[in-house]
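*Asks:* how would this look folded up:
(chains A and B)
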Amino acid sequence: MNREALQHPLYVIVHPFNGYWDLKYERSQKTSLMLSFGILFMLILTNVLGSQYSGFLVNHSDPKYLNSLMEAVYVLVPVLFWCVANWSLTTLMDGEGKFVEIFITTCFSLLPMVLINFPWIWISNYISAQESSFYYFFKNFAVIWSGLLLFVGIMTVHQFSPSKTVGTILLTVLAMAFMAFLTLLFFSLVQQMIVFISTIYQEIVLRG
Amino acid sequence: MVARIKKLRTGLLALCCLVSLGLGGELASAESAAPSYNYSYWGYNVAAPSAYQASTLITGAGSGAGEFKNPQDLQVTADKQIYVLDSGNNRFVILDQNYKSIKTVDAFQFKGKAEKFNNPQGIYVTQQKEIYVADTGNKRIVHFDSGLSVVGIIESPKSELLPASFDFQPVRVAVDKADRIYVMSAGVFDGFMEFGADGAFKSFTGANRVRVDAVDYFWKSISTQAQREQMVMYTPTEFTNLDINDEGFLYATNGDEFGDPIKKLNAQGADILRREGYYKPSGDLLYSTRSGGAPRLVDIDVSDSEIYSVLDATRGRVFTYNGDGYLMHIIGGIGNRLGEFNTPVAIEHSGDDILVLDQALGEITVFQTTEYGRMLNSAVRSYYSGDEEMAYQQFSQVVNLNANMEYAYAGIGKAYLRKGEYKEATEYFKRSMDRPNYSKAFLLYRKEVLRGQFSTIMTVLITLAALWLGLRVYRKMKARKKVELH
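*Replies:* A predicted model of the protein is given here:
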């Protein structure tokens, strides 16, 4: 991976239209995929470090219940759900994006949340309560920036019109909720089955 | 909610295990009843040393006045005389500070007629030892002077504020320094009834607010007049008890499960209770519906330095808060051991002691401070009166006895802040999770550090700037040389 490839994510976040076009048609998919995983990893790291090392004034998480693995899950599961839901919908709605492309687009759009939040973990240790509004401003700014990138990215990767993109995004969110429901249902059923089988096993073992 | 309850249950289980372990080794400490606890900043129950220990049980027979029957209220004067309202026997009993009966009043003369009480529910004794009894069954308030002769009776008032069908059922009474009488009357939703010193009804004060949820509001707005009349009426919650402090502020408890069950009312009837603590003062935070649900606060007692205690009848616990609303300690419980109750109805303080009246058993339990409780009380008092140096020492003692007492760290932090030791102050405020004060101390600390290091910081900055400029000039010169070479 050369220096130019590493710089491309930074180009994408400031020139989303050109950047995502290049990403879809010009760039090597393998490199982009590696970069995507890199960004996801950095986001998880930022969140973990954030909940441990953010300044006292802005850190409202209970250190007793901090779990790095759960922090990873909080990033990976929504991203995965989003990609699956979006891909399932857009294949039916004449979207041109493949699953890998959707994944890469989504991951690239998360970069502002790393670039802005990571330095603020350390800066937040040196601010007062009044100055914490800057902290919250930048956090919100990162989210809005990422949201806009995601919007442009989805539009480019599927070659949709803006209005169709908005509709797709809303439907995707709905589909995610549906998937979450199905997953919970599935796990609950599997759990019941396991309990049933293990009870029968115990019964046989104890009586036999 | 469920998760919280689960946590509470495991927490309590752990506590029980710890206590039973402790009991195995040392039986002498078994006299304090339930394991003591407090609530942390994060809302979990954490172990705490007992602040109070039950020392004495006062019974009617033991005091020499004969068994109490269904007593409803008690009052303690500044010279530690105890006035017990023995409702079932239609009398009140005055006990001296050794808990011996010195006087029993069950009948009185008024305007030449012999009168009796009929199921009285509330009693109040002023600093001049004038006694007011809410004689509920007779729908009146009887006013005794300090010589125990009746000087006035307040009957059901007539006023345009009151409907013609108004039923006067006084159950609790309190009197301020200007002899204004505040009466809690059963079935009244408009707040406390305020009477002037002459016994004339003035107005209502401090009504609770009605809470209607959106769904009910929607159905009500689309239903017809006839349907509406069939529906449940929304009335504000009734107060359950009141007390008055030296400054004349009313402290009141009510049965409001979701609002503010404790209120401090000023002369206009506005709630001015400070709720600066980790949680709003409202008794237990964690509870399961199986053990009786939300706390039901039935009495409040305000002592000096704005410290007040409330009594939760559901679990028989007494919660004491300081003026800012921080929970200081929790004592009592339902049970059969000393220091536990069956149906507690009233609390009072007598100096540093806390007295709890049990209605069904007809007993008064006297709690006395432990070393920890004494230290905590005096630390809060020192801080309230502005003696920060003293408060600092006492709070340090408190955290030595109870490292879980997060509130005490803020007291230490404030002393450091006053002394100008900002770094230590920030550390203590962090421990007490006191963000506003942490920020205050941190700003001062930051300023101090930046001032102290000003020359170093500027030197580094200027050197860096000079290096950067030098590098640029060097590069430009190198580039020019290349051009010249070509």
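
*Asks:* only C-alpha atoms from now on, for both contacts and neighbour counts.
*Replies:* Fine.

*Asks:* quick check on the residue most central in space within chain A: phi, psi?
*Replies:* Residue closest to the mean C-alpha point of chain A, counted by C-alpha atoms, centre = their mean, is residue A:79 at 3.6 Å. Reported as degrees, to the nearest 10, the phi and psi values for residue A:79 are phi -60, psi -50.

*Asks:* which strand or helix spans the residue of chain B found nearest chain A?
*Replies:* Nearest to chain A, among the residues of chain B, is residue B:439, at 5.0 Å (C-alpha to the nearest C-alpha). Using DSSP states H and E, residue B:439 sits in helix B:435-452.

*Asks:* before we move on, what about residue B:242?
*Replies:* When elements are assigned from DSSP H and E, residue B:242 belongs to strand B:239-244.

*Asks:* who does the helix or strand following that strand pair up with?
*Replies:* Scanning forward in sequence from strand B:239-244 by DSSP H and E, the next helix or strand is strand B:250-254. Within its sheet, and counting by DSSP bridges, strand B:250-254 is paired with strand B:239-244 (antiparallel), strand B:262-265 (antiparallel).

*Asks:* before we move on, back to that, got the contact list for the strand holding residue B:242?
*Replies:* Residues from elsewhere that reach strand B:239-244 (C-alpha atoms under 8 Å, 6 or more residues apart in numbering or on different chains): B:172-176, B:184, B:191, B:208, B:250-255, B:297-302.

*Asks:* try it again at 6 Å.
*Replies:* B:250, B:251, B:252, B:253, B:254, B:298, B:299, B:301 (C-alpha atoms under 6 Å, 6 or more residues apart in numbering or on different chains).

*Asks:* a markdown table please, covering these and showing pLDDT and neighbour count.
*Replies:* A markdown table is the format used below for the contacts of strand B:239-244 (pLDDT from 0 to 100; neighbours: other C-alpha atoms under 10 Å in any protein chain shown):
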| residue | pLDDT | neighbour count |
| --- | --- | --- |
| B:250 | 93 | 25 |
| B:251 | 94 | 23 |
| B:252 | 93 | 26 |
| B:253 | 93 | 25 |
| B:254 | 88 | 21 |
| B:298 | 93 | 23 |
| B:299 | 95 | 28 |
| B:301 | 95 | 24 |
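
*Asks:* for these, which one is nearest residue A:128?
*Replies:* residue B:251 (36.3 Å; C-alpha to C-alpha).

*Asks:* could you report the pLDDT at residue B:486?
*Replies:* Per-residue confidence at residue B:486 stands at 66 (pLDDT).

*Asks:* how about the contacts made by residue B:197?
*Replies:* Residues counted as contacts of residue B:197 (C-alpha under 6 Å, 6+ apart) are B:179, B:180.

*Asks:* what residue in chain A comes nearest to chain B?
*Replies:* Closest contact between chain A and chain B, by C-alpha to the nearest C-alpha, is at residue A:128 (5.0 Å).

*Asks:* if we can go back for a sec, not counting sequence-adjacent ones, nearest residue to the residue of chain B closest to chain A?
*Replies:* Nearest non-adjacent residue to residue B:439, counting by C-alpha to C-alpha, 6 or more residues apart in numbering or on different chains: residue A:128, 5.0 Å away.

*Asks:* surely the one you found is in contact with residue B:438?
*Replies:* No - counting by C-alpha atoms under 6 Å, residue A:128 stays clear of residue B:438, with 8.5 Å between them.

*Asks:* the more surrounded of those two?
*Replies:* Between residue A:128 and residue B:438, residue B:438 has the larger neighbour count (other C-alpha atoms under 10 Å in any protein chain shown), namely 28 against 23.
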